[in-house]
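**Q** starting from these lines, generate the structure:
(one chain, ligands or ions: 1)
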Amino acid sequence: MSALDDLPPLRDVIRRHDLSARKSLGQNFLLDLNLTARIARASGPLEGVDVIEVGPGPGGLTRALLALGAARVVAIEKDTRAIAALSEVAAHYPGRLNVIEGDALDTDFSSLLSGGPVRIVANLPYNVGTALLVGWLTSETWPPYWQSLTLLFQREVAERIVAAPGSDAYGRLGVLAGWRTDAKIMFDVAPSAFVPPPKVTSSLVHLVPRANPEPCTSRTLEAVTQAAFGQRRKMLRQSLKGIFRDPVAALESVGIEPTRRAEEVDVPGFAALARALAAERA
Ligand code: SAM
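**A** Numbers count the residues shown, from 1 in each chain. Sure, this is the predicted structure:
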């Protein structure tokens, strides 16, 4: 039994259900329930909250979310082997855990919820983590249906998410995250905390939606940042040639010197360029 709940230790669960980790599914499991409880707590108060978890695996984080009072956890898992292990957790918390076998990349999360407050919490598979985050950050409706995202990434990806202008890590992901959310790194998790241990340190990132992000569409913002950071060492008057008819005029119209480079432009600057692009395309 563990200190968190009356369920068996995760090592037993993994052995009984033959859940040896598969690299192709980005499986690096967390077996320390104190650590999973720390991650669950970092997501904010859970009482009365529905949580979406991507990739519950053997259920270490799922158990922490439920033990700490989440009203309901909806967990999407691609690995069939984990479903039986998770049914034991569901039986322990009647009516509070809904496990969906499927691919999170193809799941319409908003349709799974009951209408109350929602947090998204996950130790993400490294191979789909960024795609999922970009999906959550670019939804048409804003503010979104979720109150926060609390996600474990490789440290290098976490640094790109929270990066400020002027830093080497600042790029498309930092602009997107900074546009619509306040994002911060909560703490690092050493490779030794995972089974099997990954090569690099991980970091927990917490993102809270901004109520009033700079007005622009994610489509035009992405077009501008893709062009600008695609050639990040070039001046913007050069790197934006592929998307603006007259990049110098577009840059001057929004008060950005055409000789600037992408990493020197802040989020309001990129949003202004996105609006200029939308106007040109209208
Ligand atoms: N939450 C568990 C933990 O912390 O120990 C497992 C985390 S492990 C890094 C990632 C999990 O995501 C694995 O259980 C894996 O099977 C699952 N997974 C991988 N790709 C997925 C996808 N596209 N959709 C849903 N789950 C996926």
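**Q** show me what the host helix or strand of Ala274 is packed against.
**A** Element membership for Ala274, per DSSP states H and E: helix 267-281. For helix 267-281, the contact count by 3 or more CB pairs under 8 Å, 6 or more residues apart in numbering; DSSP states H and E identifies helix 172-180, helix 218-230, helix 247-253 as packing neighbours. Just so you know, the C-beta spots here come from the backbone N, C-alpha and C atoms, and that holds for glycine as well.
**Q** tally of neighbours for whichever residue of the chain sits closest to the ligand?
**A** With CB to the nearest ligand atom as the measure, Gly55 is the residue of the chain nearest to the ligand, at 2.1 Å. The number of residues packed near Gly55 is 24, by other CB atoms under 10 Å.
**Q** assign a three-state SS to the residue nearest to it when sequence neighbours are not counted, would you?
**A** Using CB to CB, 6 or more residues apart in numbering and skipping residues adjacent in sequence, the residue nearest Gly55 is Pro125, 5.3 Å away. Here Pro125 is coil, with the state taken from DSSP: H, G, I helix; E, B strand; the rest coil.
**Q** is it true that the residue of the chain closest to the ligand touches Ala104?
**A** Yes. Counting by CB atoms under 8 Å, Ala104 is a contact partner of Gly55 at 7.0 Å.
**Q** okay, and the common contacts of these two?
**A** When contacts are counted by CB atoms under 8 Å, 6 or more residues apart in numbering, the set common to Gly55 and Ala104 consists of Ile76, Lys78.
**Q** what ranges does the stretch 101-250 of the chain have for its helices?
**A** For the stretch 101-250 of the chain, the helices defined by DSSP state H, counting those that start in this stretch occupy 129-137, 155-162, 172-180, 218-230, 236-239, 247-253.
**Q** return the set of buried residues in the shortest one.
**A** Put plainly, it is helix 236-239. Leu236, Arg237, Ser239 (16 or more other CB atoms under 10 Å).
**Q** OK, contacts around the first one?
**A** If I follow you right, that is Leu236. With contacts taken as CB under 8 Å, 6+ apart, Leu236 has the following neighbours: Ala228, Pro247, Leu251, Ile256, Pro258, Thr259, Arg260, Arg261, Ala262, Val265.
**Q** before we move on, what about the last one?
**A** Listed by CB under 8 Å, 6+ apart, the contact partners of Ser239 are Ala227, Ala228, Gly230, Gln231, Arg232, Ala262.
**Q** for the last one, which non-adjacent residue is closest in space?
**A** In space, and not counting its chain neighbours, Ala262 is closest to Ala228: 3.8 Å by CB to CB, 6+ apart.
**Q** next: the first one.
**A** Ranked by CB to CB, 6+ apart and with sequence neighbours excluded, the top spatial neighbour of Ala227 is Ile243, at 4.9 Å.
**Q** surely that neighbour and Val224 touch.
**A** Yes. At 6.9 Å, Ile243 counts as touching Val224 under the criterion of CB under 8 Å.
**Q** show me which of the two is the more surrounded one.
**A** For Ile243 versus Val224, the count of surrounding residues by other CB under 10 Å is larger for Val224: 31 against 18.
**Q** now that one: closest residue in space, sequence neighbours ignored.
**A** Excluding its sequence neighbours, the residue lying closest to Val224 (CB to CB, 6+ apart) is Leu273, at 4.7 Å.
**Q** can you check Arg245 too?
**A** By the measure of CB to CB, 6+ apart, the closest residue to Arg245 outside its immediate chain neighbours is Glu280, 6.5 Å from it.
**Q** number of nearby residues for that neighbour?
**A** Under the criterion other CB under 10 Å, the count of neighbours that Glu280 has is 15.
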